[in-house]
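Enquirer: predicted model follows, preceded by the sequence.
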Amino acid sequence: EAGVTQFPSHSVIEKGQTVTLRCDPISGHDNLYWYRRVMGKEIKFLLHFVKESKQDESGMPNNRFLAERTGGTYSTLKVQPAELEDSGVYFCASSQVVTGTDTQYFGPGTRLTVL
Amino acid sequence: TQLLEQSPQFLSIQEGENLTVYCNSSSVFSSLQWYRQEPGEGPVLLVTVVTGGEVKKLKRLTFQFGDARKDSSLHITAAQPGDTGLYLCAGPRWTSGTYKYIFGTGTRLKVLA
């Protein structure tokens, strides 16, 4: 069974540009999460999809970030326009259920560098 | 506010030594999870502890959940170079009708051959 995949693995853009990150969860996983880790800090929750619906987007930093999950399969996270502080590693994770003890399967992450 | 504090931040030891890393909080968690992350990969779940005082063993790794469910520890016996990685603890928080996970800052372990 394929794991969670993310594309691209690295992205280097200039301030003001737009970047779109993609996540393909494990097939059949209704729950999809986006997380971010900026250098020296902990992994922080951004948002949670259940199928195509946003269950919780309380972690999204501001309105420059837009996440979508059309059709309840893959998800995209767009940053427009990118700022220097958006640099970091963006992780996607998926799970079958949400119980508080469920297993989240993480992708390898996308390392975003904004110059 | 950092809800989960991990210590130490960095640890470099020789192969064969024992070590313990800690995950502490001032808040009660219904459960805590431990992950290991290797370079270029995402975190991989090692264990979930649910009951206060619970001890779980995974080969040379022993995980304990504090009686008050505010802290957890990970003990590695006879560390091997393959144990090298970033160890993260995480706990769920109920919000907006679902759980979201809070992560600690991590302990970066290097085991030297």
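Expert: Happy to help now that I have it. Numbers count the residues shown, from 1 in each chain, chains lettered A, B, ... in the order given.
Enquirer: what's the first-to-last distance across stretch A:102-110?
Expert: Stretch A:102-110 has an end-to-end distance of 23 Å (Cα to Cα, to the nearest Å).
Enquirer: contacts only, for A:K44.
Expert: A:35-38, A:59, B:103 (Cβ atoms under 8 Å, 6 or more residues apart in numbering or on different chains). (C-beta placed from N, C-alpha, C; glycine too.)
Enquirer: drop anything exposed from those.
Expert: A:35-37, A:59, B:103 (16 or more other Cβ atoms under 10 Å in any protein chain shown).
Enquirer: distance check, B:A90 against chain A.
Expert: According to Cβ to the nearest Cβ, to the nearest Å, B:A90 stands 8 Å off from chain A.
Enquirer: ok, and the closest non-adjacent residue to B:V50?
Expert: Distance criterion Cβ to Cβ, 6 or more residues apart in numbering or on different chains; nearest residue to B:V50, sequence neighbours excluded, is B:S31 at 4.6 Å.
Enquirer: next, count neighbours for the one you found.
Expert: B:S31 sits with 20 neighbouring residues when counted by other Cβ atoms under 10 Å in any protein chain shown.
Enquirer: same check on A:H29?
Expert: 18.
Enquirer: who does the closest residue to it other than its chain neighbours bridge with?
Expert: Closest residue in space to A:H29, ignoring its immediate chain neighbours: A:S94 at 3.8 Å, by Cβ to Cβ, 6+ apart. Per DSSP bridges, the residues bridged to A:S94 are A:L32, A:Y105.
Enquirer: burial count for A:S94?
Expert: The tally of other residues near A:S94 (other Cβ under 10 Å) stands at 24.
Enquirer: hang on, the earlier thing: ok, the residue nearest to B:V50 - contacts?
Expert: Per Cβ under 8 Å, 6+ apart, neighbours of B:S31: A:100-101, B:48-50, B:65, B:91-92.
Enquirer: okay, and which of these map to strands?
Expert: Using DSSP state E, the members of the contacts of B:S31 that fall within strands are B:48-49, B:65, B:91-92.
Enquirer: how much space separates the residue in chain B that chain A sits nearest to from A:T18?
Expert: Here chain B gets closest to chain A at one residue, B:G42, 2.9 Å apart by Cβ to the nearest Cβ. Shown here: B:G42 relative to A:T18, a distance of 24 Å by Cβ to Cβ, to the nearest Å.
Enquirer: cool, B:D71 as well?
Expert: 43 Å.
Enquirer: those two - which one has more neighbours?
Expert: Per other Cβ under 10 Å, whichever of B:D71 and A:T18 has more neighbours is B:D71, with 19 against 11.
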